[in-house]
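> my questions concern the predicted model and sequence given below.
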Amino acid sequence: MVLSLTRCHRTASPVPWRQGLLVAATVIAWLLLAGFIASLYVGHSPGPYGTCAGRNGRAVACTLLHR
């Protein structure tokens with residue numbers, strides 16, 4: 001049985017370049033989607049005490065930034 005499995009494995013054709021390209025495109029698409037979702041949640045929300053980060057990086061009241 002082991003010989004029959006290895007014989008089938010030897011005759012298997014290699015992965016065509018189109019299939020490899022499809023796999024690479026799928027991985028890149030998932031990474032872009034994850035990055036987009038993370039960008040919606042990271043760095044854009046106010047702090048827990050009603051403060052936001054100003055342009056210089058310091059804490060500023062969110063009401064001042066929205067004016």
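Looks like it came in fine. Numbers count the residues shown, from 1 in each chain.
> next, give phi and psi for residue 54.
For residue 54, the backbone dihedrals (degrees, to the nearest 10) come out as phi -80, psi -180.
> list the contacts for the closest residue to it other than its chain neighbours?
Excluding its sequence neighbours, the residue lying closest to residue 54 (CB to CB, 6 or more residues apart in numbering) is residue 60, at 4.1 Å. Where C-beta positions appear, they are placed from N, C-alpha and C, glycine not excepted. By CB atoms under 8 Å, 6 or more residues apart in numbering, the contact set of residue 60 is 51-54.
> would you mind giving those as JSON lines with distance to residue 37, secondary structure and pLDDT added?
Converted to JSON lines, the contacts of residue 60 look like this (distance: CB to CB, whole Å; DSSP: H, G, I helix; E, B strand; the rest coil; pLDDT from 0 to 100):
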{"residue": "51", "distance to residue 37": "25", "secondary structure": "strand", "pLDDT": "76"}
{"residue": "52", "distance to residue 37": "21", "secondary structure": "strand", "pLDDT": "78"}
{"residue": "53", "distance to residue 37": "21", "secondary structure": "strand", "pLDDT": "77"}
{"residue": "54", "distance to residue 37": "26", "secondary structure": "coil", "pLDDT": "76"}
